[in-house]
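Visitor: Would you be able to build a 3D model of this:
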Amino acid sequence: MSVKIRLQRHGKKGKPFYWVVAADARSKRDGKYLEKIGTYNPNTNPATVELNLDSAVQWLHNGAQPTDTARAILSYKGALLKHHLDGGVRKGALTQEQADAKLAAWLDEKSGKVDSKKEGLSKAQADAKAKALKAEKKVNEDRIAAAKQADADLIAADSAPAVEENEEVADVAAEAETPAVEEAEAPAAEEAVAEEAPAVEEATEEATEEVADVAAEVSTEEAPAAEEGEEEKEA
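Guide: Predicted coordinates for the structure are as follows:
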């Protein structure tokens with residue numbers, strides 16, 4: 001009987017979840033299997049792989065052939081390396097302790113790489129989250145500023161007609177007060193002129209009388225002088 005190590009699909013639509021199984025090559029993909037040796041979840045980053053290393057290596061020793069995807073999973077977990085090292089131990093190329101030490105060193109290095117990748121992904125996710133939060137905060141601030149500006153514009157638009165009405169009322173009041181002032185000043189001026197007119201007439205009459213008196217005195221003084229002159233001429 002030919003045995004294959006392959007994936008058996010589970011999970012739901014859009015989110016598959018696989019079992020790593022050793023099954024008869026003639027059975028259906030999701031049919032009967034001989035042994036479940038691990039799981040594979042591609043929905044996480046990095047993908048989550050659980051594998052029974054000893055069972056996988058034993059099936060490889062028994063001649064089971066992995067599919068391409070199953071081979072990548074076995075290589076990722078070190079099953080292929082252990083299978084190769086066990087072959088070297090059987091041939092006497094190295095001892096079991098040396099094989100175990102090499103496998104442990106490789107597993108430690110692989111674990112370090114995986115952890116480093118996880119940290120990098122976590123940092124990238126944190127940076128992306130912080131950037132998204134900053135962008136969302138900026139959008140909220142812009143929205144609040146726009147709302148405040150809209151309120152200010154609305155208040156300004158509401159207050160503009162009131163200012164115009166006040167100016168119009170002031171203009172009307174000024175126009176209404178101007179004729180009243182002129183009317184109030186005109187009678188006062190006429191009354192002042194009427195009060196001063198008799199005084200002016202009296203002053204004019206007095207000045208006329210004084211001028212007449214002076215002229216009469218002058219004519220009286222000049223008359224004897226004229227008569228004396230005529231008498232001298234006749235003599």
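
Visitor: what residue ranges in this protein score low on pLDDT?
Guide: Flagging of the chain using pLDDT under 70 yields the residue ranges 160-235.

Visitor: contacting residues for Q96?
Guide: Listed by CB atoms under 8 Å, 6 or more residues apart in numbering, the contact partners of Q96 are V89. The C-beta positions use only the backbone N, C-alpha and C, and glycine is treated the same way.

Visitor: Next: N52.
Guide: Contacts of N52 by CB under 8 Å, 6+ apart are I37, G38.

Visitor: cool, V57 as well?
Guide: A79, K82, H83, D86.

Visitor: Let's verify the third one: helix, strand, or coil?
Guide: Under the three-state scheme (DSSP: H, G, I helix; E, B strand; the rest coil), the conformation of H83 reads as helix.

Visitor: Once you drop chain neighbours, what's closest to it?
Guide: Nearest residue to H83 in three dimensions, chain neighbours excluded: L60, at 4.5 Å (CB to CB, 6 or more residues apart in numbering).

Visitor: Downstream of the helix or strand containing the one you found, the next helix or strand is which one?
Guide: Element membership of L60, judged by DSSP states H and E, is helix 53-61. Once the chain leaves helix 53-61, the next helix or strand it forms, by DSSP H and E, is strand 65-66.

Visitor: What strands line up against that next one, and which way round?
Guide: Partner strands for strand 65-66, per DSSP bridges, with pairing direction: strand 3-12 (parallel).

Visitor: Now the strand it pairs with: buried residues?
Guide: V3, K4, I5, R6, L7, Q8 (16 or more other CB atoms under 10 Å).

Visitor: Export whichever helix or strand comes after that strand to PDB, keeping only CA atoms.
Guide: Sequence-wise, the next helix or strand downstream of strand 3-12 (DSSP H and E) is strand 15-24. C-alpha atoms of strand 15-24 as PDB (Å, rounded to 0.1, in the frame of the first residue of the first chain):
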ATOM      1  CA  LYS A  15     -11.200  30.400   6.100                       C
ATOM      2  CA  PRO A  16      -9.700  26.900   5.500                       C
ATOM      3  CA  PHE A  17      -8.100  24.900   8.200                       C
ATOM      4  CA  TYR A  18      -6.000  21.800   7.400                       C
ATOM      5  CA  TRP A  19      -5.000  18.600   9.100                       C
ATOM      6  CA  VAL A  20      -1.700  17.000   8.100                       C
ATOM      7  CA  VAL A  21      -2.500  13.200   7.700                       C
ATOM      8  CA  ALA A  22      -0.900  10.100   6.600                       C
ATOM      9  CA  ALA A  23      -3.400   8.400   4.300                       C
ATOM     10  CA  ASP A  24      -3.700   5.700   1.600                       C
END
